[in-house]
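In: Model the following, please.
(2 chains)
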Amino acid sequence: MSGLKRERTWRNMRRAMVNRLMWAGAILATLIALVPLALVLYHVLKLGLPALNWAFFTQLPKPVGETGGGMANAIVGTLILIGLASLVGLPVGMLGGIYLAEFGNGRAGGFIRFTADVLASVPSIVIGVLVWGLVVVPMKSFSALAGGVALGVMMIPLVMRTTEELVRLVPRSQREAALALGATRAKTTFTVVMAAARGGVITGVLLAVARIAGETAPLIFTALNNRFMSLRLDQPIASLPVTIWNYATSPYSDWIAKAWAGSFVLVALILILSIAARYATRGRFRLVR
Amino acid sequence: MTVSTDKSLPLRRRGPFGANVGDRVFHWGTLSIALIVPAVILLLWFVLTLDALPSIRRFGVHFFTRVVWDPNLSLEFGALDAIFGTVVSSLLALLIAVPISLGTALFLAELAPRRLRSPVSFLIELLAAVPSIVYGLWGVIVMVPAIRQIELWLGKPPIGYGMLAAGLILAIMILPYITSVSREVIQAVPRAQREASFALGATQWETLRGPVLRYARSGILGAIILGLGRALGETMAVTMVIGNVHEISASLFSPGYTLPSLLANEFAEASGALHTSALVEAALVLLFITIIVNACARLLIWRVAKGQARGVTE
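Out: Sure, this is the predicted structure:
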């Protein structure tokens, strides 16, 4: 384009001016878009890091009014909830994803893919209401189990779509080589194809875990909360996000400082997982889907 | 030359997968697992409708037309204010996020040097990875006091919590979604479209505004609606900054309520069957709105993707 100079008329100069103005606008918009990320990370670092100490990880919360203590119960609770969610979300998500990749080119596949998109877009708090109706009401108690199921349901579409994408990425030749050696289709998928897709699938799973680890809304009326350390699955259980919520909306400055510390832990966990996933797959993975 | 391999082939096919029982189990097994997803959607409608029935019977259309939420004395529920708050805060978020997102998407798709493109996209997408609760905390401690300063400066009562706070925080949260999808849609426009326009002497901006945006238009609209869907269902951050007051006000600075906030604040401690049922009806309304909005978005994006496939082959 630069080889051809436009005539220097007023009209052309105005066009060049508009062109530059618009690009300046686009650059400005990008800078504005980066401001909130910088601000949020800055405050999480500035207010979260100083509030973090050993007790935060090892001690239980102190009663209202006393300072000190930690969120050990919430950290353990979040780990238990992630474990339960993985028990629900991983098998369903991965096997469903394998179905979509292997047999999903027909009508049934399109339908399931569409419903997975719908499920991924259902507000997380509505998933909470569903699990409340299905698990909490029959069990007559809020429970870790209910919280795990709620998070697990949210994981299903995430894991399903990444598994499908990664299984589809495995070269045809590898599949054909296994089939030519006489392996059945199932054997080919579960040994050769999954072995090739393993790294990516693990990354996808980690990202799904990162995504649900910070979820608050589906836990409020499924797992509820617990001031004590609880390992029982049929009892309410504490979690980092719900505890941060309680503390953040309280009037005590010590609690608010702890909410920042909890946020720091959550954000650090999620950033590490996201950056590791990006590095491991050379940016093929998207956080937005 | 005349050897017929037909009968000696070990991979002879009978039915879709030959005679192999294991493969049939594989097919039907994974299918039945995958069908759990549509089953969950069905269950959602079924369970929510069932639990909302008492409220639907009792209040009928009044649930959508009245501003009353009294779980203690009169047991009257009307969620007009929450529906209003949900829609208005989300539209406000779009108003703020769309220009910034589209500018960023244009920068990333057309202008940015190759070296910057991928890291900046990643940073924008990180916005989507930060948990809602962290945005909420940030909103309460950092943004709300800042809005109070603006309110003081404007001579208004310094509340801080309200529609503006909710709209701003939602805008931040949906920005990565709109940016990311629009960028993809713009990048999907065939090169030939751009080259033809350049060949006619158009500037870069004229090329974008004309052929490129025309081509990407419905996909960008899809991206925006996708962002709207996200905003409508967002719970924690909004609950923490919107003020949670049952009223409808034309002022940006006045507090309000949203459907997800109702659920977050009251569901765990609902004071009786009718209160619970009314809250489930609120969830049902929310589910209905978000599914419609998201279906529209997917349809628009999908149409562009199809158009792109056609454009490549032409």
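
In: for B:W302, what are its contacts?
Out: B:G222 (C-beta atoms under 8 Å, 6 or more residues apart in numbering or on different chains). Where you see a C-beta, it was placed from the backbone N, CA and C, and this is true even at glycine.

In: Where does it sit, in terms of helix or strand?
Out: Assigned by DSSP states H and E, B:W302 falls within helix B:273-313.

In: For the residue in the stretch 51-200 of chain A that chain B sits nearest to, give its distance to B:N294.
Out: When distances are taken as C-beta to the nearest C-beta, the stretch 51-200 of chain A reaches nearest to chain B at A:P123, 2.6 Å away. A:P123 sits at a distance of 10 Å from B:N294 (criterion: C-beta to C-beta, to the nearest Å).

In: These two: who's more crowded?
Out: When A:P123 and B:N294 are compared for neighbours, A:P123 comes out ahead with 25 against 22, by other C-beta atoms under 10 Å in any protein chain shown.

In: Now the more buried one: closest residue in space, sequence neighbours ignored.
Out: B:G233 (2.6 Å; C-beta to C-beta, 6 or more residues apart in numbering or on different chains).

In: That neighbour touches B:T290, doesn't it?
Out: Yes. The pair formed by B:G233 and B:T290 meets the contact definition of C-beta atoms under 8 Å, at 5.0 Å.

In: so how many other residues sit close to B:G155?
Out: 6.

In: Nearest residue to the middle of chain B?
Out: B:R230 (2.3 Å; C-alpha atoms, centre = their mean).

In: And that one, how far from chain A?
Out: 8 Å (C-beta to the nearest C-beta, to the nearest Å).

In: who's in contact with B:E269?
Out: So B:E269 contacts nothing (C-beta under 8 Å, 6+ apart).

In: do the one 3 residues further on as well
Out: With contacts defined as C-beta under 8 Å, 6+ apart, B:G272 is in contact with B:71, B:75.

In: Report pLDDT for it.
Out: You'll see B:G272 listed with a pLDDT of 88.

In: any chance you could read off phi and psi for it?
Out: phi 140, psi 170 (degrees, to the nearest 10).

In: tally of neighbours for A:G25?
Out: Neighbours of A:G25 under the rule other C-beta under 10 Å: 16.

In: hang on, I meant A:L90
Out: For A:L90, using other C-beta under 10 Å, the count is 19.

In: where's it relative to A:S250, distance?
Out: 35 Å.

In: Also B:S197?
Out: B:S197 is 58 Å from A:S250, where distance means C-beta to C-beta.

In: which one of those two has more residues nearby?
Out: Neighbours were counted for B:S197 and for A:S250 using other C-beta under 10 Å; B:S197 has more, 19 against 14.

In: Would you confirm that the more buried one contacts B:L213?
Out: No. Using C-beta under 8 Å, B:S197 makes no contact with B:L213, being 11.2 Å away.

In: Tell me, what's the model's pLDDT at residue 189?
Out: In the absence of a named chain, this looks at chain A. pLDDT, read off for A:T189, is 90.

In: Sorry, I should have been clearer: chain B.
Out: Listed pLDDT for B:V189 reads 87.

In: Confirm it sits in a strand?
Out: No. Using DSSP: H, G, I helix; E, B strand; the rest coil, the assignment for B:V189 is coil, not a strand.

In: For the residue nearest to it when sequence neighbours are not counted, grab phi and psi.
Out: Of all residues not flanking B:V189 in the chain, B:Y215 sits nearest, at 4.5 Å (C-beta to C-beta, 6+ apart). Per-residue torsions, B:Y215: phi -70, psi -40 (degrees, to the nearest 10).

In: what about B:Y215, how many neighbours?
Out: Using other C-beta under 10 Å, B:Y215 is surrounded by 20 other residues.

In: I'd like to know how far it sits from chain A.
Out: B:Y215 sits 18 Å away from chain A, taking C-beta to the nearest C-beta as the criterion.

In: Tell me the pLDDT of that residue.
Out: pLDDT, read off for B:Y215, is 85.

In: cool, the one 10 residues further on as well?
Out: The confidence metric pLDDT takes the value 93 at B:I225.

In: which residues touch the residue nearest to A:P123?
Out: A:121-126, B:260, B:286, B:290.

In: Out of those residues, give me the one that has the most neighbours.
Out: Ranked by neighbour count (other C-beta under 10 Å), these have A:I125 at the top, with 31 neighbours.

In: Which residues are in contact with that residue?
Out: Residues near A:I125 by C-beta under 8 Å, 6+ apart: A:217-218, A:220, B:233, B:235, B:260, B:263-264, B:283, B:286.

In: How confident was the prediction at it?
Out: For A:I125, the model assigns a pLDDT of 96.

In: burial measure for the closest residue to it other than its chain neighbours, as a count.
Out: Leaving aside its sequence neighbours, A:I125 sits nearest to A:A217 (C-beta to C-beta, 6+ apart; 4.0 Å). Per other C-beta under 10 Å, the neighbour tally for A:A217 reads 28.

In: wait, the residue of the stretch 51-200 of chain A closest to chain B sits on B:S261?
Out: No. Using C-beta under 8 Å, A:P123 is not in contact with B:S261; the gap is 11.6 Å.

In: Find residues that contact each of these two.
Out: B:T235.

In: Low-confidence ranges, chain B, go.
Out: Scanning chain B with the threshold set as pLDDT under 70 gives B:1-19, B:304-314.

In: all strands of it, in order?
Out: In chain B, the strands defined using DSSP state E lie at B:16-19, B:67-70, B:76-79.

In: so what does the second one touch, helix or strand wise?
Out: Under the contact definition 3 or more C-beta pairs under 8 Å, 6 or more residues apart in numbering or on different chains; DSSP states H and E, strand B:67-70 sits against strand B:76-79, helix B:80-106.

In: relative to helix B:273-313, how tilted is the last one?
Out: Put simply, helix B:80-106 runs at 20 degrees to helix B:273-313, going by axes from the mean of the first three to the mean of the last three C-alpha atoms, to 10 degrees.

In: Pull the distance from helix B:80-106 to the chain's centre.
Out: Centre-to-centre, helix B:80-106 and its host chain are 11 Å apart (C-alpha atoms, centre = their mean, to the nearest Å).
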